[in-house]
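>>> need a 3D model of the following:
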Amino acid sequence: MSLIWNASFPLLRLKGRGVRVFLQGQTSADINAAVIGEPMQACWLTATGRLRAVLEIRLDSEGADVLILAGDADAVRSGFDQVIFPADRVRLGAIRQQNRIQELTTDATAIWIDDADALPQALAQSHPATALEIEQWRVQEGFPPGPGELSGDTNPLELGLADRVSTSKGCYLGQETMAKLVGNAGVKQQLRTWRCLEAVAVGDRLEHGDERAGVVTTAVAMGDSWVGLALVRRLHLEQIELSGPADQILRLQRPRAFQGCDD
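This next block holds a predicted model:
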């Protein structure tokens, strides 16, 4: 029996003939390649490439629904509203809630359902995951980013979200910085999963010898040990162990979002 993540997320409705063009310029994914009715994940960035929100966008014949999977929904709506002009042919609706279901397996497809809808037959025998089970799964996946990872100082490539960033679609908000990072600049840090036999707290500084090596961004108790996420500096990405502030030993692994990728 599989576990499912059944939760409600804020959703923003955009209507009008210009919605696809507008979202193409405001988000990191190639919206022009989106298929009507199929959710596409994208990032909403600052002009300097900092991650502000992770979105799921579903286009239809009249516009698009934008589900905020991680980040501040009010900030997304306000940010969109500030850059919509009459010539864009886009109308911005109110934020509402949308139910979303996903199996807790790698690469599982998310399903949006209405309150009155029954679970899809394929998931009828699934078991709803607890909040702790969801958080433990999120740590293993490294996705979606939580408050510690969405700090306002991180970019999608540091968090393993490269597949949500188009390198070929042309100009969009934050594109110039993304192009530099994908090219020669590289990232200054990367997300790692960790496990420790002793308690570790969000914000704890990690060290390798006498050098600052990273910072803890998520910490979750799991039985007799702790697991979590940390942003590790580029020079220390190959380390398999780092030390916490009380000499705790944290064993590091790449989250699944980074497995098979080069640093």
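
>>> so where do the strands sit in this structure?
3-15, 40-45, 51-60, 63-71, 91-103, 111-113, 127-128, 189-196, 205-208, 211-222, 225-233, 241-243, 249-253 (DSSP state E).

>>> parallel or antiparallel, list what pairs with the fifth one.
Paired strands of strand 91-103, with direction, are strand 3-15 (antiparallel), strand 111-113 (antiparallel) (DSSP bridges).

>>> with mean pLDDT and mean neighbour count added, can I get these in JSON lines?
The C-beta positions use only the backbone N, C-alpha and C, and glycine is treated the same way. Formatted as JSON lines, those follow (pLDDT from 0 to 100; neighbours: other CB atoms under 10 Å):
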{"stretch": "strand 3-15", "mean pLDDT": "95", "mean neighbour count": "18"}
{"stretch": "strand 111-113", "mean pLDDT": "90", "mean neighbour count": "16"}
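
>>> quick revisit: export the strands of the chain to TSV and append columns for distance to residue 177.
Formatted as TSV, the strands of the chain follow (distance: least, CB to CB, whole Å):
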stretch	distance to residue 177
strand 3-15	24
strand 40-45	8
strand 51-60	11
strand 63-71	18
strand 91-103	26
strand 111-113	31
strand 127-128	39
strand 189-196	15
strand 205-208	26
strand 211-222	21
strand 225-233	17
strand 241-243	28
strand 249-253	27
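
>>> what's the closest of the ones you listed to residue 30?
strand 40-45 (8.5 Å; CB to CB).

>>> re the thing from before, and the strands paired with strand 91-103 as CSV, adding distance to residue 31?
Listed next are the strands paired with strand 91-103 as CSV, based on distance: least, CB to CB, whole Å:
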stretch, distance to residue 31
strand 3-15, 11
strand 111-113, 18
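
>>> ok, residue 25 - contacts?
Residue 25 sits next to 171, 172, 173 when contact means CB atoms under 8 Å, 6 or more residues apart in numbering.
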